[in-house]
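Asks: fold the following.
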Amino acid sequence: MQSTLYAGAAKWTAAKNKDHQFGLFRLKAGSNDWDHLTEGGLPGTCEVRAIVVDPRATERVYIGTQVGPYLSEDGGDSWKALPLGSDNVVTWSILLHPTDNKIVYAGTQDQGVFRTTNGGDSWEQLDVPEPAGLCRMGFPSRTVRMCLDPSNPDEVYVGVEVGGLVRSLDAGDTWADIGSGLLDLASQDHLRSQISSNTDTEGMMDTHATTVSVAHPGVVIHATRMGLFRSDDKGETWSEMGIGKHSPLTYARDVQVSVHEPETVYAALSVAAVSDAGSLYKSTDFGQNWSRFDHDVSVDSTMMHIGQSAATSECVVAGARRGQVFCTEDGGKNWTQMDLPGDVQGIYAVACT
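Replies: A predicted model of the protein is given here:
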């Protein structure tokens, strides 16, 4: 591999083997073997649900753990904790400001959002409202993904699992719940889903990822249990993107606009949260048409996350729940499968340099 890959795994309550392996894994450029990183300042027991490589300096890597965010400035050899100063520290997502490397957001359990403006020396917990569509599940709600509009970094979107979306137009100072349009769609029979809450709006509130393209300011693409959805007005109204016309798998766990080609979108699609199949799809016309992107691979579980290289559009990595990692370095023509060592049952994040 010409790129360095990272993968993060955490405990997963539905795993068949309760003693499954988790933590932070790294495959260095030029190597064929994964290293399970356990030292260098990492917590003794490390669950990793978020990994972000800083595109401006790829040796700088952030991870979200069960005891808060950590930062490495040497490609993962050593780490320092970035304490949030709160008991609410199980960190599910990390978002970097595109031009100011001192501004970082951390998303946590119980729909928490923290912001630092000094590179993590101190954090402020932001006053994010509880979404109106929040579903009471058998697990705590969590800020599972955050994104911003690259053309206006003050426009921040926060995805709550299981609770929809909230939005800030002033870099997190104030917030608005923008999940009402998703709740409206849940009135349609095919968009109703109820597993463990007391409402069949649960599926539409089961947020997994959100993305915005620099080529389409104000247009938001959103991934949920029920598929992919689009807003053309910063989340005020929503429409179904019809991913089922292109893929037999519609459970959308991740969606990302290409960091190099603003009309290109990637989506991780599966059958369900617990499944024996997954896939990676690609659109080159901003979601109008889709085709299978991960050729000649056999995915044996839910496709969970997508990672992109800041250096080249040719390199894309994807991780499936049970420990499979797939990477292409030629824009999808060929794929290499590199399974994590041990019995991994809960991949949540992948990244590459």
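
Asks: could you list the low-pLDDT ranges of the chain?
Replies: 13-18 (pLDDT under 70).

Asks: most distant residue from the middle of it?
Replies: No residue in the chain sits farther from the centre than residue 189, which is 27.6 Å out by Cα atoms, centre = their mean.

Asks: is it true that residue 306 touches residue 352?
Replies: No - using Cβ atoms under 8 Å, residue 306 is not in contact with residue 352, being 10.1 Å away. Placement of C-beta: from N, CA and C, glycine included.

Asks: who's more crowded, these two?
Replies: Set residue 306 next to residue 352 and count neighbours by other Cβ atoms under 10 Å: residue 352 wins out with 27 against 22.

Asks: the more buried one: what's it in contact with?
Replies: 3, 4, 5, 6, 53, 307, 308, 309, 315, 316, 317, 327 (Cβ atoms under 8 Å, 6 or more residues apart in numbering).

Asks: circling back to that earlier point, common neighbours of residue 306 and residue 352, please.
Replies: Common contact partners of residue 306 and residue 352 (Cβ under 8 Å, 6+ apart): 316, 317.

Asks: tell me the contacts of the residue farthest from the centre of the chain?
Replies: With contacts taken as Cβ under 8 Å, 6+ apart, residue 189 has no neighbouring residues.

Asks: what are the phi and psi values at it?
Replies: phi -50, psi -40 (degrees, to the nearest 10).

Asks: ditto for the one 3 residues further on
Replies: Main-chain dihedrals, residue 192, degrees, to the nearest 10: phi -90, psi 140.

Asks: residues near it, how many?
Replies: Counted with other Cβ under 10 Å, residue 192 comes out at 16.

Asks: for residue 173, same thing?
Replies: Applying other Cβ under 10 Å, we find 11 residues neighbouring residue 173.

Asks: can you check residue 4 too?
Replies: Residue 4, neighbours per other Cβ under 10 Å, totals 21.

Asks: how near is it to residue 178?
Replies: Distance from residue 4 to residue 178, counting by Cβ to Cβ, to the nearest Å: 36 Å.

Asks: same check, this time on residue 93
Replies: 17 Å.

Asks: kindly report the same for residue 340.
Replies: Taking Cβ to Cβ, one finds residue 340 at 36 Å from residue 178.

Asks: same question, residue 223
Replies: Applying Cβ to Cβ, the value for residue 223 to residue 178 is 15 Å.

Asks: higher neighbour count, these two?
Replies: Taking neighbours as other Cβ under 10 Å, residue 223 and residue 178 compare with residue 223 leading, 27 against 23.

Asks: all helices of the chain, in order?
Replies: For the chain, the helices defined by DSSP state H occupy 180-185, 202-205.

Asks: nearest to residue 278, of the ones you listed?
Replies: For the helices of the chain, the distance to residue 278 is smallest for helix 202-205, at 18.3 Å, taking Cβ to Cβ.

Asks: now what about the closest one, what contacts it?
Replies: Here helix 202-205 has contacts from 131, 133-135, 137, 160, 162-164, 179, 182-183, 185-186, 191-196, 224-226, using Cβ under 8 Å, 6+ apart.

Asks: kindly report the same for stretch 87-99.
Replies: Residues contacting stretch 87-99 (Cβ under 8 Å, 6+ apart): 49-50, 52, 54, 62-69, 83-84, 103-110, 112, 125, 142-148, 150, 153, 156, 159.

Asks: I'd like to know which of these are buried.
Replies: 49-50, 52, 54, 62-69, 84, 103-109, 112, 142-148, 150, 153, 156, 159 (16 or more other Cβ atoms under 10 Å).

Asks: now residue 122, nearest residue through space, not along the chain?
Replies: Excluding its sequence neighbours, the residue lying closest to residue 122 (Cβ to Cβ, 6 or more residues apart in numbering) is residue 116, at 6.4 Å.
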